[in-house]
Structure formats: C-alpha cells, structure tokens
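Asker: Please find the sequence and the predicted model below.
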Amino acid sequence: MNVLVVYSHPNPKSFNHAVLETITAGLKEAGHAVKVHDLYAEPFKATLDGTDFGQIMGGTTPPDIQKEQDLVSWAEGLVFIYPVWWFGLPAALKGWIDRVLLQGFAFAITPEGLKGLLKHKKALVVNTTGGPEDSYDAGKAKEIYIRPMTDGTLRFCGIPDVQHKTFFAVPSVPPEVRETMLAEARQLGKAF
Ligand code: FAD
C-alpha cells in the first residue's frame, strides 16, 4: 500500500520521533511505500482562518491545502503519531485536520445524511502519554482522547478499519519498557 504517516511532535530527539522511525521501518519492511509529513519539520498553517473560509466558500482550495489533499489522496493507508496533549491532539495536527479534511474532500452532507468520502483501506493512530494507564482507567478517561480521532475524524470520514495504540507514561517507565514499546511499534508497522 501507499502509506502516509502524519507525525506531530516538535522535538526530533523525542520518544515520539523514535516511534516514527520504528513504525516507518516496519512499514517499509512490510513492503509499503511510505511518505512522512512531519508537521513541525515542514510547518503547515494550523489555523483555519477567515482567509481560508473566503477562498473555500468561493470555490477555491488554498494551494497549501490542495497539496496536502493530494498527499492524502495518494495514500491507501494513513498513520498518525503524536503525544496526548491536554487529552487531545497537538494544535499543529488539529489544525492540519481542520484545514485538510474539508467538506467535499473528506466528507459530504447528503440528503441521506453525512457521508465519509475517504477511500483509505485502513488507518492507525499511535499516541504516547505522560499519565499511566491505571490513572486513565480510574478516570474512565481513555475515550476522551481516543474517540475524537478514531471515531469523530477517521471513521466519520469513511475509513472502516481504524486501529489505535497508546504507549502510556513514556517519560517515567524504565528504559527497558521503552525498548519493548519500540519493538511493538515496529510490529505495528509490519502488520499494517
Ligand atoms: P520524551 O519526553 O521525548 O521522551 C520520554 C523518554 O523517552 C525520555 O526519558 C527520553 O530520553 C526517552 N527516549 C527518547 N528517545 C528514545 C529512544 N530512541 N529510545 C528509548 N528511549 C527514548 N500527558 C497525559 O497523559 N495527558 C495529557 O493530557 C497531557 N497533556 C500534555 C500537554 C502538553 C502541552 C504537554 C507538553 C505534555 C502533556 N502530557 C500529557 C505529557 C505528554 O503526553 C508526554 O510527555 C508525551 O506523550 C511523552 O512523549 P515524548 O515523545 O514527548 O517523550
């Protein structure tokens, strides 16, 4: 498959970057063609603003959005890698979604209701957290950050097979646990 990896972390020495490298390696080992969009290394305007609205309402897609939509259309599979920030997405990625997954491209409003337009076979969302898994379970808090992306965005836009993986408490677990996480990330890429 052609696989687009959308990656959102500002630090090239972060654990998320190591996850990016290992998943990408796994995807390539599995024979996929991979393109990575690193939203901090290649910044993309993250605010859907009045200028955008004016152009879009006038029937013109801003050129930087068109370029991203072409990239999304190239892909048959999508992978998203990012840390959980404030129980959600980093603003750079949220803005990418706001501006790229536009009505008419990613979804349509029809007389029968909302219809997803993305034709990707599958998607994978990989998150890291600061908090440990038991605190998320105790607070029934996993849904808060998982479902806006898996259900509210990707399944909503028509992608039937959406997998999700969280690596919990990455700053505080022992180094050997992080190594196990990276081995798991490689397998996620290989199995995609
Ligand atoms: P890093 O801090 O980069 O790294 C973690 C550890 O991994 C470090 O010890 C590092 O040395 C080590 N490491 C780096 N590279 C490698 C490698 N190649 N191999 C092995 N080890 C390596 N957390 C929550 O749970 N919920 C929240 O709502 C939340 N909100 C946040 C909001 C903001 C604005 C911020 C900045 C953080 C928030 N956090 C939250 C914490 C955040 O989710 C975690 O800090 C983040 O997920 C950790 O991932 P990282 O890539 O930044 O880790």
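Answerer: Looks like it arrived, so ask away.
Asker: quick one: C157 and the ligand, what's the gap?
Answerer: According to Cβ to the nearest ligand atom, to the nearest Å, C157 and the ligand sit 24 Å apart. All C-beta spots, glycine's among them, are computed from the backbone N, C-alpha and C.
Asker: shouldn't I109 be in contact with G116?
Answerer: No. Using Cβ atoms under 8 Å, I109 is not in contact with G116, being 11.5 Å away.
Asker: So for the two, which residue has more residues nearby?
Answerer: G116 (16 against 10; other Cβ atoms under 10 Å).
Asker: So that one sits against I159, correct?
Answerer: Yes. Applying Cβ under 8 Å as the test, G116 and I159 come out as touching, 7.1 Å apart.
Asker: OK, contacts around the closest residue to F156 other than its chain neighbours?
Answerer: Spatial nearest neighbour of F156, chain neighbours left out: G116 (6.1 Å); criterion: Cβ to Cβ, 6 or more residues apart in numbering. G116 is in contact with 106-107, 155-159, counting by Cβ atoms under 8 Å, 6 or more residues apart in numbering.
Asker: try it again with 6 Å
Answerer: Applying Cβ atoms under 6 Å, 6 or more residues apart in numbering, we find G116 in contact with 107, 157-158.
Asker: got it, and V36?
Answerer: V36 is in contact with 5, 7, counting by Cβ under 6 Å, 6+ apart.
Asker: re earlier: next, format the contacts of G116 as CSV and append secondary structure.
Answerer: Listed next are the contacts of G116 as CSV, based on DSSP: H, G, I helix; E, B strand; the rest coil:
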residue, secondary structure
F107, strand
C157, coil
G158, coil
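Asker: Can you tell me which of those residues lies closest to A183?
Answerer: Nearest to A183, judged by Cβ to Cβ, of these is C157 at 31.0 Å.
Asker: For the closest one, which residues are in contact?
Answerer: 106-107, 116, 118 are the contacts of C157 under Cβ under 6 Å, 6+ apart.
Asker: Residue nearest the middle of this protein, spatially speaking?
Answerer: F80 (2.5 Å; Cα atoms, centre = their mean).
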